[in-house]
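**Student:** how does the following fold in three dimensions:
(one chain, ligands or ions: 1)
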Amino acid sequence: QRPTTDSMRTQLPPELVDRTGCPFDPAAGVTDLSARGPVHQVTATNGEVVWLVTGHDEARAVLSDPRMSADRFRNPRLLARVPQEMREQLLSPKARAGGFIAMDAPEHTRYRRLLTGQFTVRRMRMLTPRIHEIVTDRLDAMIAAGPPADLVRDFALPVPSLVICELLGVPYDDRDSFQHRTAQLLNLETPLEQLIEARDELRAYMIGLVRSKREHPADDLLSGLIQDGDLDDDELAGVANLLLVAGHETTANMLGLGTFALLEHPDQLAKLRADPSLAEGAVEELLRYLSIIHMGPFRFATAEVELGGVVIPADSTVIISVPAVNRDAEQFPDPGALAVDRPRGHHLSFGHGIHQCLGQQLARVEMAVGFTELLRRLPGLRLDVPARQVPTRDTMVVFGVHSLPVSWDA
Ligand code: HEM
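**Tutor:** Numbers count the residues shown, from 1 in each chain. Sure, this is the predicted structure:
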């Protein structure tokens, strides 16, 4: 049988991703599976038999096991599904350069070291007052326009976009070139041909930016990486794209869905309003409770691995269910409750092991400042439509809301 682009996509069946029942809870099928054990064989929509991990210890074991590769294309079964005419576009070293989220050691280590050198305490410290300014500017603009507003369009998306642009040194005025393409890349319904096109356009844009920064370096992360001198233009463009894509939709959806969740839990909202010192803990709790990375991380078993009493054969796809892991009752008593003052536990919202989120400190600052200022500046913040009319991002890699109509006491 001739491989098709759809047969390359390993997606969980609808009952394991559908969060329309309650947008804050794991899909009903995931909750059922978790109750039965930590590791499950399930059939993906393309017919591939995969392993879904719902146990906390087992998920951490997978994410710290060097036999579990982050490079899906090392999987011979997946490779066999890549149509011949797409091999070059998908698999050439040029196409994959810089995408270290999908690399294994030692290649991953090389990139991670260079990036850690750039995510310095100094740079993060410099960025914090800018995050305050960016949050304040967005709120000023929203308040000046007056209620109602779409919190996603006016606040949740622009704040992390502006921050990542500033960090990288990407002109925010170019956002039309990357916001739309990022959205395409993260939509499971984008046809593969379009996906490749969006990726290539983003890459071309970044290559242009890298070249201009070589000529005119500034005090930003991309210029810093160029000055290190270890990466070529393709690698630099790949790294910059990864940071851009990973850095803004994730935090944006935490701000959007997080605000929605707080508005739907007035007691928790009141607690946070009354005591802003709870903000950092509330951010951790929202990360746990909402699990916006709701179908992954993905790994590929390069050898037979025993996990939670189950034998996973070599060449299998293994998928971590972050929503299930984050509702583990042994780690988090009464896991289905949102409690902004919950003692900090080991949620897996930023992953675990060598690929653990590189931008987590930055994301934490953006969210703590974002929620604190939002609640301080907008008394009486409320939904402007019935909760069930808020459109959820069901087909997106990063879960959240497409828009959040809100109002407040002007
Ligand atoms: C990796 C979640 C914000 C950059 C990851 C992973 C998760 C994650 C789960 C691990 C993926 C895996 O193991 O395969 C999140 C969430 C965020 C967030 C929930 C916001 C609330 C950010 C930001 C940046 C960023 C702001 C950039 C500044 C990255 C990068 C990686 C990564 C570069 C790959 C790290 C590696 O492979 O070594 N993120 N992230 N993330 N994240 Fe984030």
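
**Student:** and the stretch 51-200 of the chain, which residues reach the ligand?
**Tutor:** Proximity of the stretch 51-200 of the chain to the ligand (C-beta under 6 Å from any ligand atom) is limited to residues 70, 100-101, 112, 164. Placement of C-beta: from N, CA and C, glycine included.

**Student:** state the phi and psi torsions of the residue in the stretch 251-400 of the chain that the ligand sits nearest to.
**Tutor:** Closest residue of the stretch 251-400 of the chain to the ligand, C-beta to the nearest ligand atom: residue 359 (2.1 Å). Here is the backbone geometry of residue 359 (degrees, to the nearest 10): phi -100, psi 10.

**Student:** I figured it hits residue 244, correct?
**Tutor:** No - under the criterion of C-beta atoms under 8 Å, residue 359 is not in contact with residue 244, lying 10.8 Å apart.

**Student:** identify the residues contacting residue 372.
**Tutor:** Residues near residue 372 by C-beta atoms under 8 Å, 6 or more residues apart in numbering: 276, 279.

**Student:** do you know the pLDDT at it?
**Tutor:** Looking at residue 372, its pLDDT stands at 97.

**Student:** what residue is smack in the middle of this protein?
**Tutor:** Taking C-alpha atoms, centre = their mean, the centroid of the chain lies closest to residue 250, which sits 3.9 Å from it.

**Student:** so is the helix or strand containing it next to the ligand?
**Tutor:** Assigned by DSSP states H and E, residue 250 falls within helix 233-263. Yes - counting by C-beta under 6 Å from any ligand atom, the ligand has neighbours in helix 233-263: 242-243, 246-247, 250-251, 254.

**Student:** lowest pLDDT pick from those residues?
**Tutor:** Across the residues of helix 233-263 next to the ligand, the smallest pLDDT goes to residue 247, namely 86.

**Student:** hmm, that one is touching residue 162, no?
**Tutor:** No - the criterion here is C-beta under 8 Å, and residue 247 misses it with residue 162 at 11.1 Å.

**Student:** and the two? which has more neighbours close in?
**Tutor:** residue 247 (24 against 21; other C-beta atoms under 10 Å).

**Student:** where does this protein have low pLDDT?
**Tutor:** Filtered on pLDDT under 70, the chain yields the residue ranges 1-7.

**Student:** and the strands in it?
**Tutor:** 39-43, 49-53, 68-69, 149-150, 298-301, 305-307, 310-312, 317-320, 382-383, 405-407 (DSSP state E).

**Student:** burial count for the residue nearest to residue 95 when sequence neighbours are not counted?
**Tutor:** The shortest distance from residue 95 to any non-neighbouring residue, by C-beta to C-beta, 6 or more residues apart in numbering, is to residue 89 (6.1 Å). Residue 89: 17 surrounding residues under other C-beta under 10 Å.

**Student:** these two touch, right, residue 89 and residue 83?
**Tutor:** No - taking contacts as C-beta under 8 Å, residue 89 lies outside contact range of residue 83: 10.0 Å.

**Student:** distance check, residue 133 against the ligand.
**Tutor:** From residue 133 across to the ligand, the span is 17 Å (C-beta to the nearest ligand atom, to the nearest Å).

**Student:** ok, that residue to residue 290 distance?
**Tutor:** As for residue 133, its distance to residue 290 is 27 Å (criterion: C-beta to C-beta, to the nearest Å).

**Student:** more neighbours, those two?
**Tutor:** Set residue 133 next to residue 290 and count neighbours by other C-beta under 10 Å: residue 290 wins out with 26 against 13.

**Student:** contacting residues for the closest residue to that one other than its chain neighbours?
**Tutor:** Distances taken as C-beta to C-beta, 6+ apart place residue 257 nearest to residue 290, at 5.3 Å, with adjacent residues excluded. Under the criterion of C-beta under 8 Å, 6+ apart, the neighbours of residue 257 are 23-24, 290, 292, 399-401.

**Student:** let me have the residues you listed in CSV, adding distance to the ligand as columns.
**Tutor:** Putting the contacts of residue 257 into CSV (distance: C-beta to the nearest ligand atom, whole Å) gives the following:
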residue, distance to the ligand
23, 16
24, 15
290, 9
292, 6
399, 10
400, 10
401, 14
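
**Student:** highest neighbour count among those?
**Tutor:** Within the contacts of residue 257, neighbour counts (other C-beta under 10 Å) peak at residue 290, which reaches 26 neighbours.

**Student:** from what I can see that residue touches residue 258, true?
**Tutor:** Yes - at 6.5 Å, residue 290 counts as touching residue 258 under the criterion of C-beta under 8 Å.

**Student:** residue in the stretch 51-200 of the chain nearest to the ligand?
**Tutor:** Across the stretch 51-200 of the chain, no residue is closer to the ligand than residue 101, which sits at 3.8 Å (C-beta to the nearest ligand atom).

**Student:** show me the contacts for that residue.
**Tutor:** For residue 101, the contacting residues are 70, 242, 246, 355, by C-beta under 8 Å, 6+ apart.

**Student:** want to try TSV for the residues you listed, with distance to residue 206 and neighbour count as columns?
**Tutor:** Output for the contacts of residue 101, formatted as TSV (distance: C-beta to C-beta, whole Å; neighbours: other C-beta atoms under 10 Å):
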residue	distance to residue 206	neighbour count
70	22	20
242	10	18
246	14	19
355	21	20
